[in-house]
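Asker: build me a model:
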Amino acid sequence: MHKDSIVKIAVVGPESTGKSTVARNLANHIGTVCVPEYARYYCEGLNRQYTLQDEVNMFYGQLALEDALVPLAKQNILICDTTILTVKIWCDHLFGDTPKEVTNEIRSREYDLYLLMDIDLPWQDDPLRDFPNDRAHFMEIWKKELDAISAKYTVISGLDGKRLENALARCSRYY
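Answerer: Down below sits the predicted model:
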């Protein structure tokens, strides 16, 4: 299957907003594959504070994982649990800048729809999450970054099953 014929839906947003759960459930409902968040696997094995080079490694890992799973997509839809835009947001926040290889790829890698998860869910503590009190700040950063690339996006809110129901409704035109 040619990757240009695939509809790509990205599930993005601040920490602890249900991205992975919605992405997996959305893919299951549609009957396609979900590209997991590479950074989660990368950071689980990291026993030190991550560096800018780690962010670049996560960037390349996410790209490779997404590209590797395109041929497995069913219904001509690929669900992505995050994108490399996350790398830019973390690089800018933690290191003050983002490497050009990341920003260049962000401009050229397109998604048909971004589902921006709202911060209405209660915080769930996790060893890989860092900013429980900054979700409103990061929500604004996500909106700014999505606007900067003229992304088609919608905010997905709702508790429990309502969140998935809202995501499915926004994606229904693609399946």
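Asker: just checking, which helix or strand of the protein averages the lowest pLDDT?
Answerer: Least confident helix or strand, the chain: helix 38-44 with a mean of 89, by mean pLDDT, DSSP states H and E.
Asker: for the helix or strand following that one, packing partners?
Answerer: Counting by DSSP states H and E, the next helix or strand C-terminal to helix 38-44 is helix 52-69. Contacts defined by 3 or more C-beta pairs under 8 Å, 6 or more residues apart in numbering; DSSP states H and E place helix 52-69 against strand 34-35, helix 38-44, strand 77-81, helix 85-95, helix 100-108. Using the backbone N, CA and C atoms, a C-beta is placed for each residue, glycine as well.
Asker: same thing but at 7 Å, please
Answerer: Applying 3 or more C-beta pairs under 7 Å, 6 or more residues apart in numbering; DSSP states H and E, we find helix 52-69 packed against strand 34-35, helix 38-44, helix 85-95.
Asker: which other helices and strands contact the least confident helix or strand of the chain?
Answerer: The contact analysis (3+ C-beta pairs under 7 Å, 6+ apart) places helix 38-44 against helix 52-69.
Asker: centroid-nearest residue for the chain?
Answerer: The chain has Thr82 as the residue nearest its centroid, 1.3 Å off, counting by C-alpha atoms, centre = their mean.
Asker: about what we covered before: single out the most deeply packed of the helices and strands packed on helix 52-69.
Answerer: The highest mean neighbour count among these, using mean count of other C-beta atoms under 10 Å, belongs to strand 34-35: a mean of 24.
Asker: shaky segments in the chain?
Answerer: Low-confidence segments of the chain (pLDDT under 70): 1-4, 126-129, 131-132.
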